[in-house]
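# Give me a model of this one.
(chains A, B, C and D)
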Protein chains: 4
Amino acid sequence: MHIGLIGLGKMGFNMRQRLRDAEIEVTGYDRNPERTDVESVDALVAKVPAPRIIWVMVPAGEITDSVITDLAGKLEPGDLVIDGGNSKFTEDQKHEALLAEKGIGFVDVGVSGGVWGLANGYGLMAGGDPDRVQAAMPLFDALRPEGPREESFVHVGDVGAGHYAKMVHNGVEYGLMQAYAEGYELLEAKDIIKDVHGTFRAWQKGTVVRSWLLDLMVKALEEDPGLSKIAGYVEDSGEGRWTVEEAIAHAVPAPAITAALFARFASRQDDAPAMKMVAALRNQFGGHAVRA
Amino acid sequence: MHIGLIGLGKMGFNMRQRLRDAEIEVTGYDRNPERTDVESVDALVAKVPAPRIIWVMVPAGEITDSVITDLAGKLEPGDLVIDGGNSKFTEDQKHEALLAEKGIGFVDVGVSGGVWGLANGYGLMAGGDPDRVQAAMPLFDALRPEGPREESFVHVGDVGAGHYAKMVHNGVEYGLMQAYAEGYELLEAKDIIKDVHGTFRAWQKGTVVRSWLLDLMVKALEEDPGLSKIAGYVEDSGEGRWTVEEAIAHAVPAPAITAALFARFASRQDDAPAMKMVAALRNQFGGHAVRA
Amino acid sequence: MHIGLIGLGKMGFNMRQRLRDAEIEVTGYDRNPERTDVESVDALVAKVPAPRIIWVMVPAGEITDSVITDLAGKLEPGDLVIDGGNSKFTEDQKHEALLAEKGIGFVDVGVSGGVWGLANGYGLMAGGDPDRVQAAMPLFDALRPEGPREESFVHVGDVGAGHYAKMVHNGVEYGLMQAYAEGYELLEAKDIIKDVHGTFRAWQKGTVVRSWLLDLMVKALEEDPGLSKIAGYVEDSGEGRWTVEEAIAHAVPAPAITAALFARFASRQDDAPAMKMVAALRNQFGGHAVRA
Amino acid sequence: MHIGLIGLGKMGFNMRQRLRDAEIEVTGYDRNPERTDVESVDALVAKVPAPRIIWVMVPAGEITDSVITDLAGKLEPGDLVIDGGNSKFTEDQKHEALLAEKGIGFVDVGVSGGVWGLANGYGLMAGGDPDRVQAAMPLFDALRPEGPREESFVHVGDVGAGHYAKMVHNGVEYGLMQAYAEGYELLEAKDIIKDVHGTFRAWQKGTVVRSWLLDLMVKALEEDPGLSKIAGYVEDSGEGRWTVEEAIAHAVPAPAITAALFARFASRQDDAPAMKMVAALRNQFGGHAVRA
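Predicted structure coming up:
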């Protein structure tokens, strides 16, 4: 099997390696000349044998959109585009329709595992036509961890369902991290707790809260005790927002995931206008002191 | 009528004036020599005719406790102590028992209205024995706004009930302020909104959200457009915490009031440990950049 | 002045009356033959003198969209359409563009005050071209409460800004109601509180939490002590959802308003899937009993 | 080594077995005659050789308190009591003082792992004097999973610290379960998701959200697809409440854990008073329909 892979960043670069380790031939393209295998998308299309499978692994939004639009003009009927980025599920139907006009297939895949995926394998969630998902199965089998397929791969539904499942996965991830982080802050705040790092370390085996994220907490505390080198400033990249929007659209209460999202927003504020107003109000009615 | 008033701070000072305006004789004591009428609590006790009513209006907690304990040793059977501060309701039963040993009565009163109470009158919530509450009614009538008694005074229940109602009042107040403040921040964030101050001003009459707190928001924005002189740093003084604790004790979901409390906690953090951990975790699994 | 008013439901019916009380001539149209003044929109257009002002007061979404689209084909250059419903602000730009093609003006107005607006007047927030807003000022002055214009009317910004301000107003309203309601539930839950209704009644004058919504709480408790005739089932009609979506879009933490929205969602669930899962998990790891 | 174990319920029964499997002699006592090894606590004390170690594994609160008070009268100087239940950390200092009067030692241990601990081993968090913790180390080593001690055992600090760490562990657990459960409900609500069970199953290997709780979700969905046999009614047993109370006491924002706690409260309400009030208010101001 010989596929094309567009996007060789933190995720794509490792995925190329893991695919090659499984003896899949990969022609990769990236704007970074040190990483790319070919000089252009045209060159990539020329090199990959038809019917082609082109895996797109670039940032969600405008970049993914422009790459797929570009591919729609360059590929041939029977080819297949796989979007493995973190695209919003509503984009997938648009891309499928665009490609279908040219007879090109489309599958969306949510890919989880981060920078550890090269070694551990990736968790995969696919959406699309069953035949097309089947056509790409050798790739999924190469990328996912060893063991039973159903423990690391799922065909969730039609186009969009893969990215939807990944969106929810990331929303859940926000909530999990926030829960652990609240526990961390409370343990740090309590004088009778003498060994916060050791406590998390001891949760790794046997406890109800053991998880891979917990293992990473332990690792982070080993590398930087007290997290002294890291500011409490947290970005968000879309999936958390979309998860809450979808929760609202379906009248699903999602208070823990939303709390995690809002905590990130607040972490980026130096002087929140809302809290200025609360301070101003307390001053107005009670004469309570304010900070300038 | 001639009463004693201990504590002439932001609240007590104005209350003495409002009581005197209603032709009630008040002997006030405060550690501040510029405000006090007498040199000591002993002098106050000596001056107020028995059976005495002594209104205590000092900070909740240790100070209130020491003042009431002190009074227990100085007053006579038949006297009455009124705690008008923001004491926790659990303190009231303790103080009632302590005073009852000496034949001294006790009534707890929640007092709302802030620095505006002198002009507008105070909202009052009383707890205690009906006869004792009745004995203090001239004071309540003097302190509350004009108009029907039931619109600004309530005898909520036995000892502790007055402070409990005031605690809930303050918890609600936290939630109300937070809701307005979130609306303020969102209006400030939206480019198409050209007149945030004017919007709040126009909500004062006719809208569903009109309130006294809204009037104070308008006043705050008039005095300091954009709230440029006020930091987004908000203290909390106990009642909000107790309200959430009581909600938990009675299995009452209180997400809005609790959100307001946590927003205050977060407003006082420069670099929240929890958010450091979330940043560290994102870095661990995804290689996401962190701020130092 | 003689205007057209389309939609004579709970809001429009009262607004027609209030406009007429201010000696503004109103030709109203509604599908309800008992309320309408004319048989059709065509008849309304024929009867109102040019340049016409047509106030649309119908349910937001498809109905408003179809009424405005219809008007775009029936009105003349120089006419003005005012959307006074609870349309999403993103609809306004679309409607303005559609009408502008025909030389017809558009103004969006958020109208607050509910069924009490007939007697009390309405709070109004307008978006649009200053000349067009000015042209409709006699209507705004008739609809709003007496007193200074700026206390009940604001020209918030360009088209869409009026509905945006009303959206935030309603979001704030969700938060305010939730805060009061949490306080109500906690007071009801506490045995030492003997007079919950009386407590709210006593908050009406003098306290920091006094408001019109509080007055309505007192009225509701008078009409139905213990709220025995009302189920804890709460609908939501859009503005609350949009407020949270906008908060997310602008990275504004809005935990209290969101808590209010999620509480409504939860109030409509008999057996929440999320809580089934939590129960299932507790059973899995701890053998904790579940309810069937 | 030969110890006494009081309480042979879901946890203690399995722990006796696991200790015996490690060739530790255990004399167990339980009120259940089918489980107990001896007829009374007196008989247990008589049988266990001094200096005795007595592990108490009974429900937190009054029962634990009465068992430990009873032991204080029956044990000898040099003996050691270990409380392995879910006691509140504030109880531990009380129990240590009570036992110290008799020269008896005390160690508190948080034990996690639920009904799976027999097979998998338990995660353990200990508080107390280092020598006493050391004396019990063979028990800890027998109870915890195989592998490095620090991955499943921690000496957190002085008396109380073990239960404190376990309390936070359980608070985190609430948050984790709520996050997964929200994701579950959203996936169930979305029409394009055709295989919710399969999605969770595929998250087990490779993804960022993999965890033991996730494995249990998969197991629960296998045993009862759609969770049709389980009501969305969730109890809480103390540690979640205490975690939030401690967060409040230390001004630590804990919105995700608190959301989980409140969701449990709400899951047990048929007709929440707060939501009755919100419905009543909407009816008051807007004439919105209510359900009876």
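# Give me the contact list for stretch A:190-202.
Applying C-beta atoms under 8 Å, 6 or more residues apart in numbering or on different chains, the contact partners of stretch A:190-202 are A:184, A:187-188, A:214, A:217-218, A:221-222, A:225, D:89, D:123-125, D:127, D:150-158, D:160-161, D:164-165, D:246, D:250. (Glycine included, C-beta is placed from N, CA and C.)
# again, but for stretch A:129-148
A:1, A:3, A:15, A:18-19, A:21-22, A:24, A:53, A:55, A:80, A:82, A:105-107, A:109, A:111, A:117, A:120-124, A:126, A:149, A:151-153, A:155, A:158-159, D:205-206.
# give me the residue from the stretch 1-150 of chain A nearest chain C.
In the stretch 1-150 of chain A, the residue that lies nearest chain C is A:Lys88 (13.4 Å; C-beta to the nearest C-beta).
# one step back: filter the contacts of stretch A:190-202 down to the ones near chain B?
Restricting those to those near chain B by C-beta under 8 Å from any C-beta of the partner chain leaves A:Tyr184, A:Glu188, A:Met217.
# Disregarding residues adjacent in the polypeptide, which is nearest to the second one?
Yep, that's A:Glu188 we're talking about. Counting by C-beta to C-beta, 6 or more residues apart in numbering or on different chains, A:Glu188 lies nearest to B:Pro273, which is 5.1 Å off, once chain neighbours are set aside.
# which residues of chain A fall in helices?
All helices of chain A, identified by DSSP state H, fall at A:10-21, A:41-47, A:62-74, A:89-100, A:117-120, A:130-135, A:137-143, A:161-189, A:196-202, A:212-223, A:239-249, A:255-267, A:273-286.
# Kindly present those as JSON lines, with separate columns for mean pLDDT.
Shown next, in JSON lines, are these (pLDDT from 0 to 100):
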{"stretch": "helix A:10-21", "mean pLDDT": "97"}
{"stretch": "helix A:41-47", "mean pLDDT": "98"}
{"stretch": "helix A:62-74", "mean pLDDT": "98"}
{"stretch": "helix A:89-100", "mean pLDDT": "98"}
{"stretch": "helix A:117-120", "mean pLDDT": "95"}
{"stretch": "helix A:130-135", "mean pLDDT": "98"}
{"stretch": "helix A:137-143", "mean pLDDT": "98"}
{"stretch": "helix A:161-189", "mean pLDDT": "98"}
{"stretch": "helix A:196-202", "mean pLDDT": "98"}
{"stretch": "helix A:212-223", "mean pLDDT": "98"}
{"stretch": "helix A:239-249", "mean pLDDT": "98"}
{"stretch": "helix A:255-267", "mean pLDDT": "98"}
{"stretch": "helix A:273-286", "mean pLDDT": "96"}
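# Dump the ones you listed to a markdown table, plus mean neighbour count and distance to D:Leu176.
What follows is these, written out as a markdown table (neighbours: other C-beta atoms under 10 Å in any protein chain shown; distance: least, C-beta to C-beta, whole Å):
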| stretch | mean neighbour count | distance to D:Leu176 |
| --- | --- | --- |
| helix A:10-21 | 19 | 26 |
| helix A:41-47 | 16 | 42 |
| helix A:62-74 | 17 | 31 |
| helix A:89-100 | 18 | 25 |
| helix A:117-120 | 18 | 21 |
| helix A:130-135 | 14 | 31 |
| helix A:137-143 | 20 | 27 |
| helix A:161-189 | 28 | 5 |
| helix A:196-202 | 24 | 14 |
| helix A:212-223 | 19 | 9 |
| helix A:239-249 | 22 | 16 |
| helix A:255-267 | 28 | 9 |
| helix A:273-286 | 24 | 29 |
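# Export those helices as a markdown table, with columns for distance to C:Thr69.
A markdown table is the format used below for these (distance: least, C-beta to C-beta, whole Å):
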| stretch | distance to C:Thr69 |
| --- | --- |
| helix A:10-21 | 46 |
| helix A:41-47 | 43 |
| helix A:62-74 | 30 |
| helix A:89-100 | 25 |
| helix A:117-120 | 51 |
| helix A:130-135 | 40 |
| helix A:137-143 | 47 |
| helix A:161-189 | 33 |
| helix A:196-202 | 60 |
| helix A:212-223 | 51 |
| helix A:239-249 | 25 |
| helix A:255-267 | 36 |
| helix A:273-286 | 38 |
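# Count the neighbours of A:Gly103 for me.
By other C-beta atoms under 10 Å in any protein chain shown, the residues close to A:Gly103 number 11.
# ok, and the closest non-adjacent residue to it?
That would be A:Pro77: by C-beta to C-beta, 6+ apart, it lies 3.0 Å from A:Gly103.
# State the distance from the one you found to chain B.
Distance of A:Pro77 to chain B, computed by C-beta to the nearest C-beta, to the nearest Å: 37 Å.
# got the phi/psi numbers for that residue?
phi -50, psi 140 (degrees, to the nearest 10).
# Contacts only, for it.
Residues in contact with A:Pro77 (C-beta under 8 Å, 6+ apart) are A:Lys102, A:Gly103, A:Ile104.
# Turn these into a markdown table, columns for pLDDT and distance to A:Asn283.
What follows is these, written out as a markdown table (pLDDT from 0 to 100; distance: C-beta to C-beta, whole Å):
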| residue | pLDDT | distance to A:Asn283 |
| --- | --- | --- |
| A:Lys102 | 97 | 64 |
| A:Gly103 | 98 | 67 |
| A:Ile104 | 98 | 63 |
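# near chain D, which residues of the stretch 1-150 of chain A?
Close to chain D, as judged by C-beta under 8 Å from any C-beta, the stretch 1-150 of chain A has residues A:89, A:112-114, A:117, A:120-125, A:127, A:144-145, A:147, A:150.
# 10 Å instead?
With the criterion set to C-beta under 10 Å from any C-beta of the partner chain, the stretch 1-150 of chain A comes near chain D through A:89, A:92-93, A:110-114, A:116-117, A:120-127, A:143-150.
# Among those, the buried ones, what's the PyMOL command?
Only the buried entries of the residues of the stretch 1-150 of chain A next to chain D go into this PyMOL selection, using 16 or more other C-beta atoms under 10 Å in any protein chain shown:
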select buried, chain A and resi 89+92+110+111+112+113+114+116+117+120+121+122+123+124+125+126+127+143+144+145
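# In strands, which of the residues of the stretch 1-150 of chain A next to chain D fall?
Judged by DSSP state E, the subset of the residues of the stretch 1-150 of chain A next to chain D located in strands is A:Gly110, A:Val111, A:Ser112, A:Gly123, A:Leu124, A:Met125, A:Ala126, A:Gly127.
# That'll do, ta.
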